[in-house]
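Student: Sequence first, predicted coordinates after that:
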Amino acid sequence: MQYQKIESPEELRDTIQSFWYTSIDFEELPSGFEILPDGYVEIVFLFGSPCSISTNEGLQLLPSPFLMGLLGQPVLLHAKSRVEVVGIKCFPWTVFDLLGLPSGKGGVRIFTHPIAELEATLNTFIQAGEINEALAHVKNYFLNKRLQIATNSMLFKAGVAMREKNGTLPVSQVAAAAHATIRTLERKFKQSSGYTVKDVSGLMRFEQIRNHLWFYPDSNLVSLAHELGYTDQAHLSREFKRYSGATPAAFARKVKSDKQAISKNFVAFIQA
């Protein structure tokens, strides 16, 4: 699995976290590729083999591009052979304003937008193996797009506070950091993202635990619970199972026993 990422330039850091590329050989993943929840919304372009996602109704063919919203549970991607992906990792409270779309809840979202015009040029770069050029092309598109929208400074300040504390701040402290009342912040936040501050904070905390256990599966869960503001280990375990379908201990065991040759860069695409 190949993976590349470029950080968002300063002009975009209030809206986009990063731009990334990955290549997945599904012939090596017969049971599919699992995407775990995190605190971001992804704009995703797909190249190569047709790719589907598991739903309650069966497999749903994914268009390119599509929007991967905030997830409440893991989802599985399926394809027959190699899929190459270009993604834009966005903050959930900015992505809909950035695209000029109404906000909505998570899962796969199919949308019509001029960004689809990037597909042909990106495909040319991907076919030529010019990954850096593909990522730069997407970055430049959003640099121009960013000039056309106004920044909500309140949401930006709230987002900075939430990210700096990995989702551990109570809503009252997030509101204080944003210089807003709790009621005003919650109304604006839900209007922009489709979710509450508490919803997104919970996903941020889960993401931190997930990433930590991926790299350090022998970590002490009691200490980890304390570090990330959970009441105790039992609280951490309940929340982790809510988002992953497994306890943190079971997840750590799976990581340790996983025989697949996946690089550490994989953690950046656990949900992407």
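Tutor: Alright, I've got the coordinates.

Student: Bridged to residue 108, which residues?
Tutor: In this entry, residue 108 is beta-bridged to residue 68, by DSSP bridges.

Student: Distance of it relative to residue 138?
Tutor: 20 Å (C-beta to C-beta, to the nearest Å). C-beta: built from backbone N, CA, C; applies to glycine.

Student: So which of those two has more stuff around it?
Tutor: Using other C-beta atoms under 10 Å, the more surrounded residue of residue 108 and residue 138 is residue 138, with 24 against 16.

Student: Quick one: distance of stretch 26-42 to the chain centre.
Tutor: 11 Å (C-alpha atoms, centre = their mean, to the nearest Å).

Student: and the end-to-end length of it?
Tutor: Counting by C-alpha to C-alpha, to the nearest Å, you get 21 Å between the two ends of stretch 26-42.

Student: now swap in stretch 75-87 and tell me
Tutor: For stretch 75-87, the end-to-end distance is 17 Å (C-alpha to C-alpha).

Student: try stretch 225-241
Tutor: For stretch 225-241, the separation between the terminal residues is 14 Å (C-alpha to C-alpha).

Student: how close does the residue in the chain sticking out farthest from the centre get to residue 210?
Tutor: Relative to the centre of the chain, and counting by C-alpha atoms, centre = their mean, the farthest-placed residue is residue 181 at 27.7 Å. Remark: distance between residue 181 and residue 210 (C-beta to C-beta) = 32 Å.

Student: Which of the helices or strands spans the closest residue to residue 65 other than its chain neighbours?
Tutor: Spatial nearest neighbour of residue 65, chain neighbours left out: residue 45 (4.8 Å); criterion: C-beta to C-beta, 6 or more residues apart in numbering. Element membership for residue 45 (DSSP states H and E) is strand 41-48.

Student: Any buried residues in the next helix or strand after that strand, and which?
Tutor: Using DSSP H and E, the helix or strand that directly follows strand 41-48 along the chain is strand 51-55. Residues 51-53 are the ones in strand 51-55 that count as buried (16 or more other C-beta atoms under 10 Å).

Student: Show me what strand 51-55 is packed up against.
Tutor: Applying 3 or more C-beta pairs under 8 Å, 6 or more residues apart in numbering; DSSP states H and E, one finds that strand 51-55 contacts strand 58-61, strand 75-79.

Student: Could you please name the strands the last one pairs with and the direction of each pair?
Tutor: Note on strand 75-79: by DSSP bridges, its sheet partners are strand 33-35 (antiparallel), strand 51-55 (antiparallel).

Student: any idea of the angle that strand forms with strand 41-48?
Tutor: 20 degrees (axes from the mean of the first three to the mean of the last three C-alpha atoms, to 10 degrees).

Student: Can you give the distance of strand 75-79 from its chain's centre?
Tutor: Chain-centre distance of strand 75-79: 16 Å, with C-alpha atoms, centre = their mean.

Student: Name the surrounding residues that touch it.
Tutor: Defining contact as C-beta atoms under 8 Å, 6 or more residues apart in numbering, one finds that strand 75-79 is touched by 24, 26, 31-35, 48-54, 59, 62, 83, 107-108.

Student: please redo it, this time with the cut-off set to 10 Å
Tutor: In this structure, residues lying in contact with strand 75-79 by C-beta atoms under 10 Å, 6 or more residues apart in numbering are 24-27, 29-37, 46, 48-55, 59-62, 68, 83, 85, 106-108, 271.

Student: Same question for stretch 144-158.
Tutor: Under C-beta under 10 Å, 6+ apart, the answer for stretch 144-158 is 9, 11-16, 91, 93-94, 97-100, 114-115, 159, 169, 171, 174-180, 184-185, 188-189, 191-193, 197, 200.
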